[in-house]
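Q: with the sequence up front, the predicted model follows.
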Amino acid sequence: SKEYTTDKLRSDRVSKLLCPVLVRPNTHIFICGSANMAEDCKSALRDIVSQDSFDAITEDGRLHCDVFGALSSHKKAKRELASYSMGDMLDDMLELDLQSGIKGGRVRDLTS
């Protein structure tokens, strides 16, 4: 069975270990992955520390996110995003390329 990062963060054992570390003024948090997963991780971190503590982390610039993808709150949309293949993405990119006039990494002026 799969074990997700957010499930581990929300476990009693991990929460108890992380809480004293997260409230230290020199703690930095790095979240890398999908946009939805990042939001879920932030929510889990807010559950571990107070909202004020989490706000201090973000306001001090100690929360660093390297995420990809668009946020989706609809379960069907999440499934569709998960099943979107690399081939589908490349096909869509090529079609967009033909429609928009992007050639060689540059966008042509389509107004003239």
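A: Perfect, thanks for sending it.

Q: going forward, measure contacts and count neighbours with C-alpha atoms only.
A: Noted.

Q: pull the residues that contact stretch 32-43.
A: Stretch 32-43 is contacted from outside by T5, T6, L9, I31, C65, D66, V67, F68, G69, A70, L71, S72, using Cα atoms under 8 Å, 6 or more residues apart in numbering.

Q: how about a cut-off of 10 Å?
A: 4-10, 29-31, 44-48, 51, 54, 63-73, 78 (Cα atoms under 10 Å, 6 or more residues apart in numbering).

Q: in strands, which of those residues fall?
A: Among the contacts of stretch 32-43, the members falling in strands (DSSP state E) are I29, F30, I31, L63, H64, C65, D66, V67, F68.

Q: the fourth one pairs with what?
A: What it means is L63. Beta-bridge pairing for L63 (DSSP bridges): I29.

Q: thought I29 was touching it, still the case?
A: Yes. Counting by Cα atoms under 10 Å, L63 touches I29, with 4.9 Å between them.

Q: what do those two both touch?
A: K42, I57.

Q: the more surrounded of these two?
A: Shown here are L63 and I29; by other Cα atoms under 10 Å, L63 has more neighbours (17 against 14).

Q: measure that one to G33 for me?
A: Separation of L63 from G33 (Cα to Cα, to the nearest Å) stands at 14 Å.

Q: cool, and I57?
A: Remark: distance between I57 and G33 (Cα to Cα) = 19 Å.

Q: show me which of the two is the more surrounded one.
A: Legend: neighbour count by other Cα under 10 Å for I57 and G33, higher for I57 (21 against 12).
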